[in-house]
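Trainee: Mind looking at a prediction? Sequence and model below.
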Amino acid sequence: MSKDHQVKAKKKLGQHFLNDESIAEQITNSLSFKGYKHVLEIGPGMGVLTKYLLKKETTTHVIEIDPESVEYLKNNYLNLADRVIEQDFLKYDLNEVFNNEPFAIIGNFPYNISTQIVFKTLEMRDQIPEFAGMFQKEVAQRICSKEGSKVYGILSVLTQAFYDAEYLFTVPPSVFNPPPKVESGVLRLKRKENQTLDCNEAMLFKVVKTGFQQRRKTLRNSLKSFNLSDNLKANTIFDKRPEQLNVQEFIALTQLIDNDINE
Ligand code: SAH
């Protein structure tokens, strides 16, 4: 394949190529490039962000599932060739490359797997001090939203338990080829300094997920499956609906539940 041959956009891989250089540079610059030596770009496509990443002092690695994009990248970014991982981000064991060292994540992400990208990041949070990139706007807003907002949910609470989340700017469909049906939003996550929470973290995931499964109900109703004591259920926190609790309150609730179950 010739060097200039463009990758054909494949719908099933969520391919929408960004064609605005200044937005690409702005997204890249939302990382601080401090406190880690490696950056992993998810879904580089034809490298619109990658070329700006390669100017930084950190080492750029990219993970791309599409063989045609991989070939394009290897042909056009010769000094990146050894650091192109041709794999599915969701399935690949990243420590094959990073060896337990810290790395930041960046990307104009494939929107069909956005939620799973965030969950994998949360699982690997001990190694990921910073995360920046583009999702569909609604998902980016959800991740950054606060209690009381209509879009506040599982992703908001679990992400903000470990990261400070900032919605940076909105990007219109017209700057992509082909244009997506929805607007996009760029966000940045910076890991909080005190990484361990004052509660059982696995239990927090369970409480948040179960609570939001029925977001219109009180927690007394939605958390029935935990078989809590009547004494605990008399606590007024259970009168609330999940969207009314901030992250700290979810952590406190998790502590209460954990103590109750282990009594
Ligand atoms: N960053 C490029 C491409 C964005 S489109 C740009 O801004 O133009 C999303 C990219 O993610 C595509 O290149 C697609 O092939 C890739 N992709 C989709 N699913 C993936 C997965 N599971 N793992 C790694 N890359 C994936």
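Mentor: Thanks, I have the structure now.

Trainee: For the closest residue to the ligand within the chain, grab the count of nearby residues.
Mentor: Closest residue of the chain to the ligand, CB to the nearest ligand atom: G43 (2.2 Å). For the C-beta atoms, the positions are set from N, CA and C on the backbone; glycine is no exception. G43 is flanked by 23 other residues according to other CB atoms under 10 Å.

Trainee: Surely it touches N112?
Mentor: No: with contact taken as CB atoms under 8 Å, G43 and N112 are classed as non-touching, separated by 10.6 Å.

Trainee: mind listing the strands for the stretch 101-250 of the chain?
Mentor: 103-108, 130-136, 163-171, 176-177, 184-191 (DSSP state E, counting those that start in this stretch).

Trainee: Dump those to a markdown table, plus mean pLDDT.
Mentor: Listed next are these as a markdown table, based on pLDDT from 0 to 100:
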| stretch | mean pLDDT |
| --- | --- |
| strand 103-108 | 98 |
| strand 130-136 | 98 |
| strand 163-171 | 98 |
| strand 176-177 | 97 |
| strand 184-191 | 98 |
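
Trainee: that older thread, shared neighbours, G43 and N112?
Mentor: G14 (CB atoms under 8 Å, 6 or more residues apart in numbering).

Trainee: Just put the strands of the stretch 101-250 of the chain in a markdown table and tack on distance to the ligand and mean neighbour count.
Mentor: As requested, the strands of the stretch 101-250 of the chain are arranged in a markdown table below (distance: least, CB to the nearest ligand atom, whole Å; neighbours: other CB atoms under 10 Å):
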| stretch | distance to the ligand | mean neighbour count |
| --- | --- | --- |
| strand 103-108 | 3 | 25 |
| strand 130-136 | 8 | 24 |
| strand 163-171 | 10 | 17 |
| strand 176-177 | 7 | 16 |
| strand 184-191 | 10 | 22 |
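
Trainee: Any chance of TSV for those strands, columns distance to S156?
Mentor: Formatted as TSV, the strands of the stretch 101-250 of the chain follow (distance: least, CB to CB, whole Å):
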stretch	distance to S156
strand 103-108	18
strand 130-136	13
strand 163-171	8
strand 176-177	26
strand 184-191	12
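
Trainee: List phi and psi for the residue nearest to R191 when sequence neighbours are not counted.
Mentor: Distance criterion CB to CB, 6 or more residues apart in numbering; nearest residue to R191, sequence neighbours excluded, is P129 at 4.8 Å. Phi and psi for P129, reported as degrees, to the nearest 10, are phi -80, psi -20.

Trainee: Begin at 35, not 1, for the rest of this chat.
Mentor: With the count now opening at 35, the last piece we talked about shows up as P163.

Trainee: contacting residues for P163?
Mentor: G69, Y70, P136, A138, K224, R225.

Trainee: what stretches of the stretch 135-284 of the chain score poorly on pLDDT?
Mentor: Of all residues in the stretch 135-284 of the chain, none has pLDDT under 70.

Trainee: picking up where we left off before, from the contacts of P163, which is closest to V118?
Mentor: A138 (17.6 Å; CB to CB).

Trainee: residue contacts, the closest one?
Mentor: A138 neighbours (CB under 8 Å, 6+ apart): L65, F67, Y70, H72, V73, L74, T92, I162, P163, E164, F165, A166.

Trainee: Let's see that with 7 Å instead.
Mentor: L65, Y70, V73, I162, P163, E164, F165 (CB atoms under 7 Å, 6 or more residues apart in numbering).

Trainee: Between its first and last residues, how far does stretch 78-96 reach?
Mentor: 6 Å (CA to CA, to the nearest Å).

Trainee: Tell me the gap between that stretch and the middle of its chain.
Mentor: Centroid separation for stretch 78-96 versus its chain: 19 Å, with CA atoms, centre = their mean, to the nearest Å.

Trainee: What's the mean pLDDT across that stretch?
Mentor: For stretch 78-96, mean pLDDT rounds to 98.
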